[in-house]
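A.B. asks: With the input below, show me the fold.
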Amino acid sequence: MPKRTDAPMLIGKVGRRLVQAGFDGGDIVSDGGVMLLRQADERIGLTRSAARVFADGRRAASVRHSIHSLLAQRVYGLCCGWEDVSDHNTLRRDLALQTAVGRAEELASAPTLSRLETSATSEHAAALHGVLLDQFIA
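C.D. replies: Residues are numbered from 1 along each chain as shown. Below you'll find the model as predicted:
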């Protein structure tokens with residue numbers, strides 16, 4: 001006979017927000033797997049490595065979102081099937097994605113993510129290829 005438990009499983013915490021997996025019908029999200037994706041990303045360090053090689057030419061006084069959080073938001077969204085940047089106008093308020101990115105407030109808007117993507121240069125692409133190669137070898 002299989003072992004069953006009704007105890008919730010702690011997945012993570014961001015600020016005062018506590019994320020648990022449970023089957024009691026509380027707050028429900030359809031992209032709950034994004035938390036597992038975050039754990040895998042933290043383990044291999046893909047978005048953190050990518051953020052290190054992506055130069056940030058923005059004026060520091062105007063920055064609300066780090067390069068790492070922008071990359072994590074975009075990559076996690078892509079992995080969950082949200083391929084259009086415009087999807088992030090809605091996703092920026094998604095509690096599961098906010099928690100996965102590590103923010104307790106709204107994420108970046110579609111125009112902000114679009115500016116990140118259009119600011120990428122061929123040097124960024126070459127450096128990101130290096131990051132992916134290192135990840136593959138590791």
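
A.B. asks: Low-confidence ranges, the chain, go.
C.D. replies: 1-6, 12, 23-30 (pLDDT under 70).

A.B. asks: quick one, longest helix in it?
C.D. replies: If you go by DSSP state H, the chain has its longest helix at helix 122-137.

A.B. asks: any idea which helix or strand carries R43?
C.D. replies: Using DSSP states H and E, R43 maps to helix 34-44.

A.B. asks: And for G57?
C.D. replies: Counting by DSSP H and E, G57 is part of no helix or strand.

A.B. asks: And the residue nearest to it when sequence neighbours are not counted, how far from D31?
C.D. replies: In this structure, G57 finds its nearest non-sequential neighbour in S119, 6.9 Å apart by Cβ to Cβ, 6 or more residues apart in numbering. For every residue, glycine as well, the C-beta is placed using N, CA and C. Plainly put, S119 is 27 Å away from D31 if you go by Cβ to Cβ, to the nearest Å.

A.B. asks: returning to that earlier point: and the helix holding R43, what's buried?
C.D. replies: Buried residues in helix 34-44, counting neighbours by 16 or more other Cβ atoms under 10 Å, are found at 34-35, 37-38, 41.
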